[in-house]
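Student: no sequence on this one, just coordinates:
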């Protein structure tokens, strides 16, 4: 349920109204202050609250029912776009954020070399996997804590904030120290115990859509994080599993405008995992920028043929530099920068 308040309502009156609603109806309140209008979202058991009783309150202009099961992630609750700030980057702002780096951290020298290269090409965040959930138990599983240390050293050298994937709540203490944006991979999108823990921290979360999950399920996973108090959620479309075998996954490009209409959270695209082939990264990235994505997360490796994971979809630093040049006019065409 959403209460649209009358214009000119002071924050003191809004706070008093929220306290009254919490005590009287046992709901949580989420006030949003807009340029012209203030709204208060009610979360909890709102089915028993009569719309008419809310409309009778002096502070209330009108009442709207929210039918969707996700509340805090809902654009109706928060009409303005949420901007998630990471260092100098703003997910959801006018400038498209680009995260770049290898699928897996392999050595300190590799991470520093790639970090310096992608920064020179225009990337604003450094990605790299230290804990790698793999389909095969015999595949490279990552350097774990050692990998996080290499990411930190690359951050110290270049100033690029770090994005890395968490796979277990037990790793949270390490991530709080070494990582700037905690990534939840596709396999863990519905690991609800992990999402609950991430809801309690004050750190941005990059939430990837699962292989076979709907858009509503993605938003419900975001709701798990936000219900714990952490509203710094970035949604990521990385391709879904379909009958098509020509690509690794099928990039659901329509997910971007749909998500932007349903939620206020920023949306990024992972063209590397979607296509699964390096030559597909550029056209998919251009499509993502054109359709309104707030960012890209791209795999870059200095020696893709010998990468320990996902070399076939990784760009060389030289190819990434060319990609950034080619994306600039696309961003300009839709009124943005990159």
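Tutor: Structure received. Everything numeric here is computed off the predicted structure, so don't read it as measured data.
Student: C-alpha only now, for contacts and for neighbours.
Tutor: Noted.
Student: residues in contact with the closest residue to residue 140 other than its chain neighbours?
Tutor: Using Cα to Cα, 6 or more residues apart in numbering and skipping the chain neighbours, the partner closest in space to residue 140 is residue 308 (6.6 Å). For residue 308, the contact set (Cα atoms under 8 Å, 6 or more residues apart in numbering) comprises 104, 106, 140.
Student: and the first one, how many neighbours does it have?
Tutor: Number of residues near residue 104 (other Cα atoms under 10 Å) recorded here: 27.
Student: That one pairs with what?
Tutor: In this entry, residue 104 is beta-bridged to residue 129, by DSSP bridges.
Student: Now do the same contact list for it.
Tutor: 128, 129, 130, 132, 142, 308, 309.
Student: ok so, going back, return the item of the contacts of residue 308 having minimum pLDDT.
Tutor: Ranked by pLDDT, the contacts of residue 308 bottom out at residue 140 (76).
Student: State the distance from that residue to residue 15.
Tutor: The gap separating residue 140 from residue 15 is 53 Å, by Cα to Cα, to the nearest Å.
Student: the strands in this structure, which residues?
Tutor: Shown for the chain, the strands assigned by DSSP state E span residues 2-5, 28-33, 38-43, 60-64, 84-86, 89-91, 97-101, 125-127, 162-166, 181-184, 205-208, 233-237, 267-269, 295-299.
Student: Using JSON lines, lay out those together with mean pLDDT, distance to residue 285 and mean neighbour count.
Tutor: Converted to JSON lines, the strands of the chain look like this (pLDDT from 0 to 100; distance: least, Cα to Cα, whole Å; neighbours: other Cα atoms under 10 Å):
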{"stretch": "strand 2-5", "mean pLDDT": "90", "distance to residue 285": "37", "mean neighbour count": "21"}
{"stretch": "strand 28-33", "mean pLDDT": "87", "distance to residue 285": "33", "mean neighbour count": "18"}
{"stretch": "strand 38-43", "mean pLDDT": "89", "distance to residue 285": "36", "mean neighbour count": "22"}
{"stretch": "strand 60-64", "mean pLDDT": "89", "distance to residue 285": "38", "mean neighbour count": "16"}
{"stretch": "strand 84-86", "mean pLDDT": "97", "distance to residue 285": "21", "mean neighbour count": "17"}
{"stretch": "strand 89-91", "mean pLDDT": "97", "distance to residue 285": "16", "mean neighbour count": "21"}
{"stretch": "strand 97-101", "mean pLDDT": "98", "distance to residue 285": "10", "mean neighbour count": "26"}
{"stretch": "strand 125-127", "mean pLDDT": "98", "distance to residue 285": "16", "mean neighbour count": "29"}
{"stretch": "strand 162-166", "mean pLDDT": "97", "distance to residue 285": "19", "mean neighbour count": "26"}
{"stretch": "strand 181-184", "mean pLDDT": "98", "distance to residue 285": "20", "mean neighbour count": "24"}
{"stretch": "strand 205-208", "mean pLDDT": "98", "distance to residue 285": "17", "mean neighbour count": "26"}
{"stretch": "strand 233-237", "mean pLDDT": "98", "distance to residue 285": "12", "mean neighbour count": "27"}
{"stretch": "strand 267-269", "mean pLDDT": "98", "distance to residue 285": "8", "mean neighbour count": "28"}
{"stretch": "strand 295-299", "mean pLDDT": "98", "distance to residue 285": "7", "mean neighbour count": "26"}
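Student: That'll do, ta.
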